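[1] Provided below are the primary sequence and the corresponding predicted coordinates.
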Amino acid sequence: MAIREIVVFPDDRLRGKCTEVTEFNDELKTLVEDMFETMYDDNGIGLAAPQVAVKKRLVVMDVPKDDSDVQGLNKLVLINPKIINKEGSCESEEGCLSVPEYRATVDRFEKVSIQYFDENGVEHTLDADGLLAICIQHELDHLDGKLFIDYLSPLKQSMLLKKYKKLKPKN
Ligand code: NI
C-alpha cells in the first residue's frame, strides 16, 4: 500500500470524463487500497480516482453513519457507478481534498440510488440518503471532471482560481 499524491485544483487532471473500468485485476485492487490509504491520511470520507491522477470511474468512500463509527466500518468501493434514481433537494456544506482549506454550500439531491460494481466485479445497488447521498454525488461528479466549486457563482469561482493558482504555481 502507498499514499499517492493528491491532485489539487486548478490542475487539468481533475477535468474531463473518466473511462470505465473494464478489468477487475490485482492492479485495480492495489489502486483501491492506495486510494483508501491516501484518503485516510488526509482525513477524507471520499476520494475519486482522478484525484490521484487515474482517469478511471472508481471511487472509495468511508462515510460514518453516526459519531461512534470508527474508520474502516463503512468502506465502500464504487466502480462504474451510475445514479439510477434521485429525489428531493437539500443544501450541503462541502469540502474537497483537491480544493484544500475551502468549504462552500451547494445544492444536492436529498436521496440517490446507485448501481455499481465492487472491486471483485460484483454488481450492487444502493439507496442512500443524508451524508452518504451527498458524498456519492460529490464523488461521482469527479468522474465527469466536475468539482463542487463549479456550482458556485462565476465571481466566486474566479476568486478561487486566482487564490489557488497563487498557492500552487503551475510549472
Ligand atoms: Ni472532492
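    That came through fine.

[2] and the helix ranked longest in the chain, which residues are buried?
    Taking DSSP state H as the criterion, the chain has its longest helix at helix 26-41. Applying a neighbour-count criterion of 16 or more other C-beta atoms under 10 Å, one finds 28, 31-32, 34-40 buried in helix 26-41. Heads up, the C-betas are built off the backbone N, CA and C, glycines and all.

[3] going by distance to residue 116, which of those residues wins?
    For the buried residues of helix 26-41, the closest approach to residue 116 (C-beta to C-beta) belongs to residue 32, at 12.9 Å.

[4] what residues are up against the residue nearest to the closest one when sequence neighbours are not counted?
    Beyond its immediate neighbours in the sequence, the residue positioned closest to residue 32 (C-beta to C-beta, 6 or more residues apart in numbering) is residue 119, lying 5.0 Å away. Shown here is residue 119, whose contacts under the criterion C-beta atoms under 8 Å, 6 or more residues apart in numbering are 24, 28-29, 32, 77, 79.

[5] before we move on, what about residue 135?
    The neighbours of residue 135, taking C-beta under 8 Å, 6+ apart as the test, are 45-46, 61, 63.
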